[in-house]
Each structure stands twice: as structure tokens, then as C-alpha cells.
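Asks: Sequence first, then the predicted structure:
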Amino acid sequence: MTAPNHNWRNFKNVFMQMLTFACAILVVTPLLLVFYHLIKEGFSSINLAFFTQLPKPVGETGGGMGNAIVGTFILLAQAAVIGVPVGVLGGVFLSEYGGTKLNWWIRFAADILNGVPSITWGIVVYALMVVPMHGFSALAGGVVLGMMMIPLVMRTTEEVLQLVPGGYREAALALGISKWKTILQIVIRTALKGIVTGVLLALARVAGETAPLLFTALGNRFWAHNLTEPIAAMPLQIFAYAISPYDDWHRQAWAGALVLLLLVLAINIGVRFLTRDRFRQKI
């Protein structure tokens, strides 16, 4: 190998390393800027009152988003109750009973639904629930978030179950174990970490949705006492405060955005924790 060729290859290697490093910095920089701006603008408004008190009326400083924080967890709990069983069972059906035209159509529909704008989900649930019930409600908000979770959980579950070696299924069936017991006790148990990861990612996705909640949950400046009345949620509160003309509400909006981002970050850290040994195992 001649010296010019060797030098040229070294130059290309160094250039590509620098290019990939620059791309990595380009990806990380917006996230760091978002964190910096949220901490700069919102950290000063985070205190005990922010997590425990109701919003103050216009003209009064202080208050918090206690009702919105609780409301967010209530909505996510409802979404999980709806989205997890349906999504997981749908994924099991696609993975373990595949090969039919019906499965192809279900996958096709799930992929399309994953790309449907969230405001469309809100309009659909508004027509199906809010109008017949003659009012906005926490129940409608939970339903719309749960419906948004279903296709994502379904496709994630299917992909994870397909990673389980076929030998596990064959060995169980050869021992006389029924197919449903094989799926429940062998396949799902083996892929449980991956399924939980998909559920957490789906929750992280819907946690920050605002548009569908505007058409369903609406928002509430007080504590919600039942699921048939409007309920506060952090995305709704942040939106309402951000478009207001009051500086104190703007600070509250920044603080709420910071807390919401930390919530999503915590969910993603949980996902990383669950999948930390994914590359050291077969699944």
C-alpha cells in the first residue's frame, strides 16, 4: 500500500469520525437547550405549594398545579387500564396466531392508527362520548389516551414476542402443554421485560398530549371528585397558562413543563433500566 493511499484512508476515517460526532452533538443540543431553558424559567416556581395547591385566581401570586398533577396520573391510569390489556392481547394474537389475511389487515390498521394526529382521536371521542354524555369528563380523557396507546402497545408486543426462540414453544408443546398455557407461561413470561418497555413508551407518548384532552377532559381549576366531570391535566394547564397574558402564570407554565418533562424522562429511564441487559441476552 502506497503512502498517499494510506494517508487518504486515514483522512477519510478521521473526517467520518468528526462528522458522526458533529451529528451526535447536533441531535443532543436541542434537548440540552430545552432542559436549560426550562430550568432557567421554571425551576424557581417549583416548591411544595406547586405540587399540593390549586391554581390561584387571576391577580394572586403563588398557587400550584396539584390538581393537574393528580389529574394527569388519573388519566394515565385509565389509559393503562384500557390500552394495556387490549394492546397486549392484540399483540399476542398477531404474533402467535399469525399468517392470516385478518392479521395483515390488523397490522395495517395499527400502523395507520400510530400515525393518526392526536387531535383526530380527540374529535372522534368527543363525538362518541362527550356529546352523548352531554359534558366533558375524565372518563372521556382516559378513553382517548387509552385508544392512542393500543396500536403502539400492540405492535411493540408483537415484535417482542417474535423475538422469543421458536424452540421454547416447540419444547412446551412437545411436553403436552396446551398452546394457551405455552403462550401465557413461557412466551409472555420470557418477553415480559420487552412488553413492559412498550407499555412505558406508550405511556410516555400520551403523557404530554394536549389536543385530545381539549376535546374530552377540558380541564378543571379544582380537584376532580369523580370521572364524570372535567379534570385538570398538566398539558392542559400548561397550555392555558402559556397563552395567558399574566407573568405569574407564565412562570407556572414553565414549571409545569419542567415537571412534565421530568416525568417523561423518568419513564424513559425506567425503560433503559428494564432493557439494560437486552444485548447480553437473547431477548
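Replies: Thanks, I have it.
Asks: contacting residues for the closest residue to Lys193 other than its chain neighbours?
Replies: Leaving aside its chain neighbours, Lys193 sits nearest to Leu274 (5.1 Å; criterion: Cβ to Cβ, 6 or more residues apart in numbering). C-beta here means a position set from N, CA and C on the backbone, and glycine is covered the same way. Counting by Cβ atoms under 8 Å, 6 or more residues apart in numbering, Leu274 touches 193, 196-197, 200.
Asks: Just the helices from this structure, written as ranges.
Replies: Remark: helices assigned in the chain by DSSP state H are 3-42, 48-52, 66-96, 101-114, 118-125, 131-133, 138-161, 166-174, 179-181, 188-190, 192-207, 211-214, 234-242, 247-274.
Asks: So which bits of the last one are buried?
Replies: With burial defined by 16 or more other Cβ atoms under 10 Å, the residues of helix 247-274 counted as buried are 248-261, 263, 267, 270-271, 274.
Asks: Any regions of the chain where pLDDT drops low?
Replies: Low-confidence segments of the chain (pLDDT under 70): 1-4, 277-283.
Asks: how does it look with 80?
Replies: The chain contains residues with pLDDT under 80 at 1-6, 59, 98-99, 272, 274-283.
Asks: Mark out where each domain of it begins and ends.
Replies: 3-45, 48-280 (automatic domain parsing).
Asks: Can you redo the helices of the chain as CSV, where the extra columns are distance to Leu227?
Replies: Shown next, in CSV, are the helices of the chain (distance: least, Cβ to Cβ, whole Å):
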stretch, distance to Leu227
helix 3-42, 30
helix 48-52, 22
helix 66-96, 8
helix 101-114, 24
helix 118-125, 14
helix 131-133, 11
helix 138-161, 4
helix 166-174, 41
helix 179-181, 33
helix 188-190, 30
helix 192-207, 17
helix 211-214, 14
helix 234-242, 16
helix 247-274, 21
